[in-house]
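**Student:** Quick one: sequence and predicted model below, then my questions.
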Amino acid sequence: MTRPLIIAVDGPAASGKGTIAARLAHHYGLPYLDTGLLYRAVGLSLQDANLSLDDAVAAEAVARALKVDGLHDVERLTDRGAGEAASRVAGHPGVRDALLDLQQAFARQAGGAVLDGRDIGTVIAPDAAAKLFVMATPEVRARRRWLQLTARGEDIPFEDMLADIIRRDERDAGRGAAPMIQAGDAVLLDTTEMGIETAFDAARRIVEAARVRHGL
Ligand code: CDP
């Protein structure tokens, strides 16, 4: 039986991983899951219910009730506050455990899948055929995210955006449960000097090399 083409795209905030993952999914005709939306949805649900983001028991209960097809309000899920809330609830081991099965079920669809996040290549799909770790300098990532959010009308000083990105990096890489780390067999893609087309092209070549290696 041919091994399914699972593509794992990990990396820090605004590194370009979401754009690359979506483009790869389109290119290979695979379903795509932005796993950050799951953590964002958990964070927002807690806030909407006036519960603390530090309440690990409530956060886990919300995560257990979440469905992949319940992530509708993408505009709200991708705003600045939701990103911050996501990175806080993502540190609860119970939340990560609650979201594990659903992510693994998505990854293991018969034809393959593309997932992006922080722990796809390490925890969710360690057997993925292609693994990318996408990064860029904090300054470049802060600028990308600032452009994205200000274009949508969010009013944020650039310095605050940069502080957000650095704080989020520290929290994601420093947590005990599934910290953000490059998998040993992931290929590093530094997009600091790359536009979208160049980054996608580099990513596609990494996946092609993996396909050849695995005979896919
Ligand atoms: O788009 P951006 O990189 O800013 O954020 P995201 O990918 O939507 O993730 C938001 C937050 O969720 C991250 O800062 C992580 O703390 C958390 N996350 C995670 O822990 N594991 C994942 N697989 C995906 C996101």
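**Tutor:** Right, received. Where do you want to start? In this text the structure is predicted, and so the values were computed from the model without any measurement.

**Student:** and the gap between Ala186 and the ligand?
**Tutor:** 14 Å (Cβ to the nearest ligand atom, to the nearest Å). Any C-beta I mention is one placed from the backbone N, CA and C, and that applies to glycine too.

**Student:** residues contacting that residue?
**Tutor:** Ala8, Asp10, Gly121, Lys131, Leu132, Phe133 (Cβ atoms under 8 Å, 6 or more residues apart in numbering).

**Student:** now Ala210
**Tutor:** By Cβ under 8 Å, 6+ apart, the neighbours of Ala210 are Ala129, Ala130, Lys131, Leu216.

**Student:** Save the contacts of Ala186 as JSON lines, and put in neighbour count and pLDDT too.
**Tutor:** Shown next, in JSON lines, are the contacts of Ala186 (neighbours: other Cβ atoms under 10 Å; pLDDT from 0 to 100):
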{"residue": "Ala8", "neighbour count": "29", "pLDDT": "98"}
{"residue": "Asp10", "neighbour count": "28", "pLDDT": "98"}
{"residue": "Gly121", "neighbour count": "28", "pLDDT": "98"}
{"residue": "Lys131", "neighbour count": "25", "pLDDT": "98"}
{"residue": "Leu132", "neighbour count": "28", "pLDDT": "98"}
{"residue": "Phe133", "neighbour count": "23", "pLDDT": "98"}
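
**Student:** Looking at neighbours, which among the contacts of Ala210 is most surrounded?
**Tutor:** When neighbours are taken as other Cβ atoms under 10 Å, the top entry among those is Ala130 (27 neighbours).

**Student:** and that one, bridged to which residues?
**Tutor:** Ile7 (DSSP bridges).

**Student:** thought it was touching Arg204?
**Tutor:** No. At 10.1 Å, Ala130 does not count as touching Arg204 under the criterion of Cβ atoms under 8 Å.

**Student:** sorry, back to before: now, among the contacts of Ala186, which is nearest to Glu197?
**Tutor:** Leu132 (16.3 Å; Cβ to Cβ).

**Student:** Would you tell me whether the helix or strand hosting the closest one gets close to the ligand?
**Tutor:** Secondary structure from DSSP states H and E places Leu132 in strand 130-135. No. Strand 130-135 is not in contact with the ligand by Cβ under 6 Å from any ligand atom; minimum separation 9.8 Å.
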